[in-house]
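Asker: Give me a 3D structure for the following:
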Amino acid sequence: RPAHVVVMAEEDPLRGHRLVAIIQGTDFAMDEIKQACRDTFGPLIAPRRVLQIKDMPVLTSGKPDFLTLKTWLETHQ
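Answerer: Model (predicted):
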């Protein structure tokens, strides 16, 4: 089980925005995660991309640092 999972919106030139999930860890079956999201949320709401990050950036409160993740996401297009 990952310690942190974050779902964020990224810009999409065709649709405006699309969802991307960022999972802490590197040993997950990405196809299974994508399929589980589609099965649970439906194809229109499920994240379009699922990325793995070794170490999730967190704030001093222990919550994910969304600003740092946004910058990281922009470099992983």
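Asker: Could you measure from the residue lying farthest from the centre of the chain over to residue 5?
Answerer: Residue farthest from the centre of the chain, counting by Cα atoms, centre = their mean, is residue 60 at 20.8 Å. Using Cβ to Cβ, to the nearest Å, one gets 20 Å for the distance from residue 60 to residue 5. (C-beta placed from N, C-alpha, C; glycine too.)
Asker: residue contacts, the residue farthest from the centre of the chain?
Answerer: Listed by Cβ atoms under 8 Å, 6 or more residues apart in numbering, the contact set of residue 60 is empty.
Asker: check which helix or strand covers it.
Answerer: Using DSSP states H and E, residue 60 sits in no helix or strand.
Asker: so what's residue 45 up against?
Answerer: residue 19.
Asker: run the last query once more with 10 Å
Answerer: Taking Cβ atoms under 10 Å, 6 or more residues apart in numbering, we find residue 45 in contact with 7, 19, 37, 38.
Asker: Same question for residue 50.
Answerer: 5, 7, 19-23, 28, 30-34, 36-37.
Asker: Please narrow those residues to those residing in strands.
Answerer: 5, 7, 19, 20, 21, 22, 23 (DSSP state E).
Asker: what are the bridge partners for the third one, then?
Answerer: Beta-bridge pairing of residue 19, defined through DSSP bridges, involves residue 9.
Asker: which one of the contacts of residue 45 is nearest residue 71?
Answerer: Comparing the contacts of residue 45 against residue 71 with Cβ to Cβ places residue 7 closest, at 16.8 Å.
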